[in-house]
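Visitor: Mind looking at a prediction? Sequence and model below.
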Amino acid sequence: MIDEELVEFFKDDKITVHIADDHQILIDGVIAVLGLEKDIEVVGYSLNGIEVLNWFDEHSADVLVLDINMPKLDGIEVLKKFQTYEDVPHVVILSSYDDVKLIKEVLSMGAKGFVPKKSAGEHIVQAIRNVSKGQQYFSEEVKEKMMKTLMGKPTHDKVSPEGMLMNSLTRREYQILKLIAQQYTTKEIAVELHVSDSTIETHRKNLIKKINVKNSVGLAIFAMKNEII
């Protein structure tokens, strides 16, 4: 007869994962990749920061794969909220935006890993395994950027002008640019980010000037060319 405690041990020996991203297609892709791993189980997903907090109020997971730019409450705010929780998951940031300042910010707030979305399929499995043990994990690209910063070298020595523009965007500018590209109106963006219409309009004008385009259509084209959406 099989020992029941032994059965429970092996049944619970999986790394449980929750995925938070505002794109269902990305969530489905990560679930498909993780579904091939016998030691990892996806136990839930969220499409915005509020859903993340609501889920963790009632459930738990070993690892949270967290996007930064999400509606209602972004990944940074989620990390801030987690600082008041007694039991928090290990966090892997999965983001399109990999500026060194952002990486340092999320690490200071408790994140253990950082993987750019463009290389998620290559790194996400090992990132989850590492952070589930309390270890850090960074993709090679992220590690190279961090090392260049530590050594006082520019992180954009071979980056295209558009890439340099991307690195110059603030987190809020990136959020607004993404929503503009998704055809949100000024009012809808203001509601999404909990700010005034005039604040969004100011950011829109600053983005048009910074990116050197004529209008919101130009912003949307820039966003698509740089894989922001």
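Guide: Looks like it came in fine. Not measured: the values here are computed from a predicted model. Residues are numbered from 1 along each chain as shown.
Visitor: Go ahead and name everything in contact with the longest helix along the chain.
Guide: Ranked by residue count and defined by DSSP state H, the top helix of the chain is helix 197-211. For helix 197-211, contacts defined as C-beta atoms under 8 Å, 6 or more residues apart in numbering pick out 165, 168-169, 172-173, 176-177, 180, 186-187, 189-190, 193, 214-216, 218-219, 222. The way it works is simple: take the backbone N, C-alpha and C, and place the C-beta from them, glycine included.
Visitor: can you rerun that using 7 Å?
Guide: By C-beta atoms under 7 Å, 6 or more residues apart in numbering, the surrounding residues in contact with helix 197-211 are 165, 172-173, 176-177, 180, 186-187, 189-190, 215-216, 219, 222.
Visitor: Of these, select the buried ones using a PyMOL command.
Guide: Entered in PyMOL, the line below selects the buried ones among those, by 16 or more other C-beta atoms under 10 Å:
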select buried, resi 173+176+177+180+186+189+190+216+219+222
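Visitor: will you turn the contacts of helix 197-211 into JSON lines that also has secondary structure, distance to Asp67 and pLDDT?
Guide: Shown next, in JSON lines, are the contacts of helix 197-211 (DSSP: H, G, I helix; E, B strand; the rest coil; distance: C-beta to C-beta, whole Å; pLDDT from 0 to 100):
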{"residue": "Leu165", "secondary structure": "helix", "distance to Asp67": "21", "pLDDT": "72"}
{"residue": "Arg172", "secondary structure": "helix", "distance to Asp67": "16", "pLDDT": "84"}
{"residue": "Glu173", "secondary structure": "helix", "distance to Asp67": "17", "pLDDT": "86"}
{"residue": "Ile176", "secondary structure": "helix", "distance to Asp67": "16", "pLDDT": "90"}
{"residue": "Leu177", "secondary structure": "helix", "distance to Asp67": "15", "pLDDT": "89"}
{"residue": "Ile180", "secondary structure": "helix", "distance to Asp67": "18", "pLDDT": "89"}
{"residue": "Thr186", "secondary structure": "helix", "distance to Asp67": "23", "pLDDT": "92"}
{"residue": "Lys187", "secondary structure": "helix", "distance to Asp67": "24", "pLDDT": "92"}
{"residue": "Ile189", "secondary structure": "helix", "distance to Asp67": "17", "pLDDT": "90"}
{"residue": "Ala190", "secondary structure": "helix", "distance to Asp67": "21", "pLDDT": "90"}
{"residue": "Asn215", "secondary structure": "coil", "distance to Asp67": "28", "pLDDT": "88"}
{"residue": "Ser216", "secondary structure": "helix", "distance to Asp67": "23", "pLDDT": "87"}
{"residue": "Leu219", "secondary structure": "helix", "distance to Asp67": "21", "pLDDT": "87"}
{"residue": "Phe222", "secondary structure": "helix", "distance to Asp67": "20", "pLDDT": "84"}
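Visitor: where along the chain do the strands fall?
Guide: 15-20, 40-46, 63-66, 90-95, 113-116, 137-138 (DSSP state E).
Visitor: winner for burial among those?
Guide: Of those, the one with the most neighbours on average (mean count of other C-beta atoms under 10 Å) is strand 63-66, at a mean of 27.
Visitor: For the nearest residue to Val213 once chain neighbours are set aside, list the residues it contacts.
Guide: Leaving aside its chain neighbours, Val213 sits nearest to Leu219 (5.9 Å; criterion: C-beta to C-beta, 6 or more residues apart in numbering). Leu219 sits next to 177, 180-181, 207-208, 211, 213 when contact means C-beta under 7 Å, 6+ apart.
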